[in-house]
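> Fold the following for me, if possible:
(2 chains)
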Protein chains: 2
Amino acid sequence: MDPRLVSGPARLAAPAEGITMEELALAARNHGMPLEALREDLTPPGLHYVLVHYDIPWVRPGAPWPLTVHGRVRRPLSIDVADLYVRHATTCRVTMECAGNGRARLEPRPVSQPWLVEAVGTAEWTGVPLRELLTEAGVEPDAVEVVFTGADHGIERGEEQDYQRSLPLAEAMRPEVLLAYEMNGAPLPPQHGYPLRLVVPGWYGMAQVKWLSDINVVDTPFTGFQQAVAYRIRQTPDEPGQPVTTIEPRALLIPPGFPDFMTRTRLVRPGQVTLEGRAWSGHAPVTRVEVSADDGRSWTDAVLDAAGGHPWAWRSWEARWTATPGTHVLAVRASDAAGRTQPLQQPWNRGGFANNLVQRVPVVCLEDGP
Amino acid sequence: MDPRLVSGPARLAAPAEGITMEELALAARNHGMPLEALREDLTPPGLHYVLVHYDIPWVRPGAPWPLTVHGRVRRPLSIDVADLYVRHATTCRVTMECAGNGRARLEPRPVSQPWLVEAVGTAEWTGVPLRELLTEAGVEPDAVEVVFTGADHGIERGEEQDYQRSLPLAEAMRPEVLLAYEMNGAPLPPQHGYPLRLVVPGWYGMAQVKWLSDINVVDTPFTGFQQAVAYRIRQTPDEPGQPVTTIEPRALLIPPGFPDFMTRTRLVRPGQVTLEGRAWSGHAPVTRVEVSADDGRSWTDAVLDAAGGHPWAWRSWEARWTATPGTHVLAVRASDAAGRTQPLQQPWNRGGFANNLVQRVPVVCLEDGP
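So this is what the prediction gives:
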């Protein structure tokens, strides 16, 4: 049997086509961060968003985990993950977001993991800087990229594969790019890559290869499936497109008041409401967060917290709003020091990648009283 | 504004109606257990299914958490969760399942949290037996039920509420019913009820009130929303229905081979394949697991592991299958010592509760070769 028969091409949903059972099967196993968890500086593993392309590999705690560094290097390395534990450890607080965040709200909707807006989380990752190993291995002058292979095995659009992604050499040599074996001070949970993953602060999640087993330094740009076929920003299916790289700015609101179970509509009571949330960008520090209580017609500046020495993590922000009975649409948008601002119109592409449309939160303010 | 306007009645999906954005919003924040995690005896918190009715309450680690025991008792108690930590601790391994597991595959589909089949997990819960506190408080002879209130606040079908459920007194006095403050040896994660939850081994998840703050012993049956309106097994909307209580038997398969990303279809290569999984029942020990490789036309017995001293936890099972090229539908069904067996036809009700239809897993066996 031809494996392509069981693994079709990417498609867009038809107008008014509901979420399919296939999209639901992805949503049931991968999960976003419930937005009330925006309250926490660090997201616990079970609340941090998680996206597994194929299956979570089965790795027994403490089992050997060989890691190889080879290709265009003078001294190939063949070590075990345990050899990393005895090196000097580096910890970095990182806000990570799935490149497909927001996809399910796009029109037309790319059919894939159907994220609404919650595919994000912030954790402290501990490990060894990748460049330490690359330096020891001795990168040859003709090297251009580094290819990372994880143990996650599956088939996608007809191509059987272990999950693989590359980074340009200059990115791979950034001091904050880590071979991480801990998340928030504990061993990586299985779904976050136990025993070893790559962490690339500022990039979308697809770069941060989990269950990392092989590092290959190459002298031509990598053209594997996840680099050249998936994770490209395209308007038409046949164009080569642009690669998905760095996280676009986004602000999200801690949902105010309390929810309706089924619709998740938020309800508040009249009076002053503190609006709080987080904002981040992989391009540059967030410099401004604006809040609107009239669906984006007028905006006021929120107060940003002190930067806090974590350049790769989200910042919290706060604003006041006086709720009056009726329905309101809150909105929030972030801007960064690179001059980027969240758009009010959807930034559409066929994969639904890097979509940072301004968040809109309908809120119903009840009449006074319990 | 009338809150009922933002919180409608329960409904069934129209024929061929896709999953709605509201169902997706629930699926994106609640999550099932990726079925490959059936490999683990104990499910880590981030892989264990989680269902939060409204919002995860915001509780600072170590903050005071008052707990009251009152109503039809001679000596009402007013303590803090920290007072429980110094008592003798009891640990119980429990397989927990959402009462709505399987709902999204029903026809017609009840519109609610759209579980496929993965709303399950097994954990070791540590805490103090509830009956210890009830005994200290001195239950009056006229008491019939115990009502538990959690801090999860929201609105559902027009009724604003803190999440509340009751247990018959005899159930509440079972020695394995716990006021639990630890999950797998660590403090409860926020989404699993930090700092305190009820654990009722053998019952569906809705009984196991999280963020537990109040215990009220009553002399008439509790008629709150989650007892008398939701979580009833009904064929028509207006009948009172039967309460949802104990977990029906179910077996699930660790997905064999590897998946296609989008369809989640499983692929294997020809030859002998070990089929493994778990089975559980809240009524009585699982006594038999059968496997079919021809969509339920013929069945063979799987080998069950030794019971292992954990009467409230799943059992693992194993069977062999020789895969030949082509498409096959695997199926697996559990039976328990109470004489219950999983049905081959959907056990339908308007809430989609306690639905333990046999799992069917289509598998494509490729031709030989890599």
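
> and stretch A:212-226, what's its mean pLDDT?
Across stretch A:212-226, pLDDT averages out at 98.

> Please disregard the earlier target; I meant stretch A:158-165.
97.

> try stretch A:132-151
Mean pLDDT, stretch A:132-151: 98.

> Show me which residues of that stretch are buried.
For stretch A:132-151, the neighbour count (16 or more other CB atoms under 10 Å in any protein chain shown) marks A:132-134, A:137, A:139, A:143, A:145-151 as buried. For the C-beta atoms, the positions are set from N, CA and C on the backbone; glycine is no exception.

> tell me the contacts of residue A:33?
A:43, A:47-49, A:118-121 (CB atoms under 8 Å, 6 or more residues apart in numbering or on different chains).

> does residue A:225 really touch residue A:160, like I thought?
No: judged on CB atoms under 8 Å, residue A:225 makes no contact with residue A:160 at a distance of 9.6 Å.

> any idea what sits nearest the residue of the stretch 1-150 of chain A found nearest chain B, other than its immediate chain neighbours?
Closest contact between the stretch 1-150 of chain A and chain B, by CB to the nearest CB, is at residue A:18 (1.6 Å). Using CB to CB, 6 or more residues apart in numbering or on different chains and skipping the chain neighbours, the partner closest in space to residue A:18 is residue B:18 (1.6 Å).

> Secondary structure of residue A:151: a strand, I assume?
Yes: Residue A:151 forms part of a strand when assessed by DSSP: H, G, I helix; E, B strand; the rest coil.

> isn't it right up against residue A:213?
Yes: between residue A:151 and residue A:213 there is a contact at 5.6 Å, judged by CB under 8 Å.

> Do a quick rundown of the helices in the stretch 51-200 of chain A.
Applying DSSP state H, counting those that start in this stretch to the stretch 51-200 of chain A gives helices spanning A:81-85, A:130-137, A:169-172.

> how distant is the last one from the center of its chain?
Remark: helix A:169-172 is offset 19 Å from the chain centroid, using CA atoms, centre = their mean, to the nearest Å.

> contacts for stretch A:7-16?
Residues outside stretch A:7-16 that contact it (CB under 8 Å, 6+ apart) are A:20, A:108-112, A:155-159, A:237, A:350-351, B:260-263, B:265.

> should've said stretch A:220-236
The contact list for stretch A:220-236, computed with CB under 8 Å, 6+ apart, reads A:99, A:144-145, A:147, A:156-157, A:159, A:161, A:163-166, A:206, A:240-244, A:348-351, A:353-354.

> So how do I select the buried members of those in PyMOL?
Burial among the contacts of stretch A:220-236 is assessed by 16+ other CB under 10 Å; the matching PyMOL selection reads:
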select buried, chain A and resi 99+145+147+156+159+161+163+164+165+166+206+241+243+244+349+350+351+353+354
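
> overlap between the contacts of stretch A:220-236 and the residues near chain B?
The residues of the contacts of stretch A:220-236 that also fall near chain B, by CB under 8 Å from any CB of the partner chain, are A:156-157.

> Take the contacts of stretch A:220-236 and keep only those in strands.
When the contacts of stretch A:220-236 are checked against strands (DSSP state E), the matches are A:145, A:147, A:156, A:159, A:161, A:163-166, A:242-243.

> Closest residue of the stretch 51-200 of chain A to chain B?
Closest point on the stretch 51-200 of chain A to chain B, by CB to the nearest CB, is residue A:156, at 4.1 Å.

> Isn't residue A:152 up against residue A:53?
Yes: using CB under 8 Å, residue A:152 is in contact with residue A:53, at 5.5 Å.

> Give me the common contacts of those two.
residue A:163.

> Strands along the stretch 151-300 of chain A, start to end?
With strands called from DSSP state E, counting those that start in this stretch, the stretch 151-300 of chain A shows them at A:159-168, A:178-183, A:186-187, A:197-199, A:212-218, A:232-233, A:242-243, A:250-253, A:258-259, A:266-268, A:271-280, A:286-292, A:300-301.

> Adding distance to residue B:281 as columns, could you present those strands in a markdown table?
Listed next are the strands of the stretch 151-300 of chain A as a markdown table, based on distance: least, CB to CB, whole Å:
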| stretch | distance to residue B:281 |
| --- | --- |
| strand A:159-168 | 37 |
| strand A:178-183 | 35 |
| strand A:186-187 | 33 |
| strand A:197-199 | 37 |
| strand A:212-218 | 39 |
| strand A:232-233 | 48 |
| strand A:242-243 | 50 |
| strand A:250-253 | 42 |
| strand A:258-259 | 33 |
| strand A:266-268 | 39 |
| strand A:271-280 | 43 |
| strand A:286-292 | 51 |
| strand A:300-301 | 57 |
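
> Any regions of chain A where pLDDT drops low?
Applying pLDDT under 70 to chain A flags residues A:1, A:370.

> Mind splitting it into its structural domains?
Residue ranges for the domains of chain A, per automatic domain parsing: A:3-243, A:250-365.

> Format those as a markdown table; extra columns: distance to residue B:178.
Shown next, in a markdown table, are the domains of chain A (distance: least, CB to CB, whole Å):
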| stretch | distance to residue B:178 |
| --- | --- |
| domain A:3-243 | 20 |
| domain A:250-365 | 26 |
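
> ok, which residues in the stretch 151-300 of chain A are in contact with chain B?
So the stretch 151-300 of chain A meets chain B at A:153-157, A:160, A:189-192, A:255, A:258-265, A:267 (CB under 8 Å from any CB).

> are any of these buried, and which?
Using 16+ other CB under 10 Å, the buried members of these are A:153-156, A:160, A:189-192, A:255, A:258-265, A:267.

> Name all residues that make contact with residue A:333.
Taking CB under 8 Å, 6+ apart as the definition, contacts of residue A:333 comprise A:251, A:289-290, A:292, A:299, A:341-342, A:344, A:358.

> that older thread, burial count for the residue nearest to residue A:18?
Residues lying near residue B:18 (other CB atoms under 10 Å in any protein chain shown) number 19.

> same question, residue A:367
Neighbours of residue A:367 using other CB under 10 Å come to 11.

> Name all residues that make contact with the residue nearest to residue A:365 when sequence neighbours are not counted.
Distances taken as CB to CB, 6+ apart place residue A:323 nearest to residue A:365, at 4.3 Å, with adjacent residues excluded. Neighbour list for residue A:323: A:268-273, A:363, A:365 [criterion: CB under 8 Å, 6+ apart].

> Quick check: residue A:323 vs chain B, distance?
Distance from residue A:323 to chain B, counting by CB to the nearest CB, to the nearest Å: 12 Å.

> Just grab the bridge partners of that residue for me.
Beta bridges link residue A:323 to residue A:271, judged by DSSP bridges.

> Quick one: neighbours of residue A:309, just the number.
Residues within reach of residue A:309, counting by other CB under 10 Å, total 7.

> my bad, residue A:74
Residue A:74: 9 surrounding residues under other CB under 10 Å.

> In contact with the residue lying closest to it once chain neighbours are set aside, which residues?
Computed as CB to CB, 6+ apart, the closest residue to residue A:74 that is not its neighbour in sequence is residue A:138, at 3.5 Å. Residue A:138 sits next to A:73-75 when contact means CB under 8 Å, 6+ apart.

> Next: residue A:362.
Neighbouring residues of residue A:362 by CB under 8 Å, 6+ apart: A:265-266, A:327-330.

> ok, and the most crowded of those?
residue A:330 (24 neighbours).

> Got phi/psi on that residue?
phi -80, psi 150 (degrees, to the nearest 10).

> Residue A:363 is in contact with residue A:330, correct?
Yes: using CB under 8 Å, residue A:330 is in contact with residue A:363, at 5.8 Å.

> quick one: residue A:27 is in a strand?
No: Residue A:27 sits outside any strand when classified using three-state DSSP, being helix.

> thinking again about what came up before, what about burial for the contacts of residue A:323, which qualify?
Among the contacts of residue A:323, those scoring as buried are A:268, A:273, A:363, A:365 (criterion: 16+ other CB under 10 Å).
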